[in-house]
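Enquirer: pasting the sequence and the predicted coordinates here, then a few questions.
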Amino acid sequence: MGGRLKNKLLPEKRQMIKMLMLAAKIAVGSSIAIYLAELLELQFSASAGIVTLLTLVTTKRGTIKLALARFVTFAVVVLFSWMTFIPFRSEWLAFGVFIFLTVLMCQVSGWMATLSVNAVIGTHFLTTLDFSPASFLNEFLLVLIGSTIAFLLNLFHHNRSQEEHLREKMTYTEEQMQFIFGEVAAYLSNKTMEVDVWGHVAKLESLIREYTREAYEYQENSFRSDPEYYIDYFEMRMDQCKTLYSLHSGMWWLRVVPEQAMPLAEYMLYLAEHVTELNVPEPQLERLNEMIEDMGKEPLPTDKEELEGRAILYHIMKSIEGFLLVKKRFVDARLPKQEEG
């Protein structure tokens, strides 16, 4: 009971740590950005802190992309400001036209994330109506300081602990699959399942979906050569869970366990030992194919019940084959990347 409670509270604890770290980075980064802007005696120095805040909410890769997008759109925003604020005497009308052009530009370029900072820059030019080189440099430095501070702080990300967490979840996923195969083997041995194993599969699938989301987050915060490995792994396990549902449908129809099920039960226990990250499933596929061939050599069923039982066993073995082929495709896809590495 205590272990279950601990596992249940762990994700909440991790989420709280992530929230605290992000809040701390935003607070520290925004303060430093404003301090540097004040040291340089820039106008609207607080805006440097806003740029840092709006950039820090992204991932490492997102920070770089967003910073580059800010610099690319910066010149366009200055041009829009000059085109609208000088000719129009009405501030509200000029700003409305400016926002229309800016939003349109951000939508077309796919850089809507830059809109907020671009709008802030526009309000500065609307306030001063100063388009001198000094004013241009002032706004550029605000964006540069804010983006640089955000980039530097986003380098300090708990990647190592996040990777360790993902590896723990990989081990947990494999343990759960081994447990499921053990329960299936017990059923095929004419023993009673002690738990709702299919509800267990549904719960595992939900967990793997969450692990996949965390793997995507890790990828976006990592500059490793192959950060998508964890995404590929958990997506592979998700596909394997789907094949387990096919296995379930076969087990559901198996009301009377035939004699031929005993070798399959032994095979399930053997398979459970090899549901691991590094296992290449070729031997398991070969042994399974031998079992299918041996079943085909047996005398024909003598009654309908035996015929149905054997057909269901064949369905179960083909479902297991699908489970193994998913892992084989994962291994085959990884080999070229390992050779490149």
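Expert: In hand now; what should we look at? The structure displayed is predicted, hence computed values, not measured ones.
Enquirer: show me what contacts F179?
Expert: F179 sits next to H200 when contact means CB atoms under 8 Å, 6 or more residues apart in numbering. Quick note: C-beta positions are derived from backbone N, CA and C, even for glycine.
Enquirer: and the pLDDT at it?
Expert: On pLDDT, F179 comes in at 90.
Enquirer: measure it to F125 for me?
Expert: 64 Å (CB to CB, to the nearest Å).
Enquirer: what segments of this structure are helices?
Expert: For the chain, the helices defined by DSSP state H cover 2-39, 46-56, 60-85, 91-109, 115-128, 133-154, 159-188, 197-220, 229-253, 261-272, 282-297, 304-340.
Enquirer: and these, which is most packed in?
Expert: Comparing the helices of the chain by mean neighbour count (mean count of other CB atoms under 10 Å), helix 46-56 comes out on top with a mean of 23.
Enquirer: that one packs against which elements?
Expert: Other elements packing on helix 46-56 under the criterion 3 or more CB pairs under 8 Å, 6 or more residues apart in numbering; DSSP states H and E are helix 2-39, helix 60-85, helix 115-128, helix 133-154.
Enquirer: below-threshold pLDDT in the protein: ranges please.
Expert: Confidence mapping of the chain against pLDDT under 70 gives the ranges 1-12, 14, 57-59, 157-160, 192-194, 222-227, 249-258, 301, 303, 335-341.
Enquirer: as a quick check, tell me the outermost residue of it.
Expert: Relative to the centre of the chain, the most outlying C-alpha is that of T302, 52.3 Å out, by CA atoms, centre = their mean.
Enquirer: any idea how far it is from G309?
Expert: According to CB to CB, T302 and G309 sit 12 Å apart.
Enquirer: likewise W111?
Expert: Distance from W111 to G309, by CB to CB: 62 Å.
Enquirer: from memory F88 sits against W82, does it?
Expert: No - under the criterion of CB atoms under 8 Å, F88 makes no contact with W82, lying 11.6 Å away.
Enquirer: thinking M105 is in contact with V76, fair?
Expert: Yes - contact status for M105 versus V76: in contact at 5.9 Å, counting by CB under 8 Å.
Enquirer: so what does E277 look like in phi/psi?
Expert: The phi/psi pair for E277 (degrees, to the nearest 10) reads phi -60, psi -50.
Enquirer: again with P281
Expert: Backbone phi and psi, for P281 under degrees, to the nearest 10, turn out to be phi -80, psi 10.
Enquirer: show me the contacts for it.
Expert: Per CB under 8 Å, 6+ apart, neighbours of P281: 274, 324-325, 327-328, 331.
Enquirer: coming back round to it: I'd like the helices and strands packed on helix 46-56 laid out as JSON lines, including distance to A48.
Expert: JSON lines is the format used below for these (distance: least, CB to CB, whole Å):
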{"stretch": "helix 2-39", "distance to A48": "4"}
{"stretch": "helix 60-85", "distance to A48": "12"}
{"stretch": "helix 115-128", "distance to A48": "10"}
{"stretch": "helix 133-154", "distance to A48": "5"}
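Enquirer: roughly how far does the residue nearest to A46 when sequence neighbours are not counted sit from N118?
Expert: Nearest residue to A46, sequence neighbours excluded (CB to CB, 6 or more residues apart in numbering): I34, at 5.7 Å. To N118, I34 is 20 Å away according to CB to CB.
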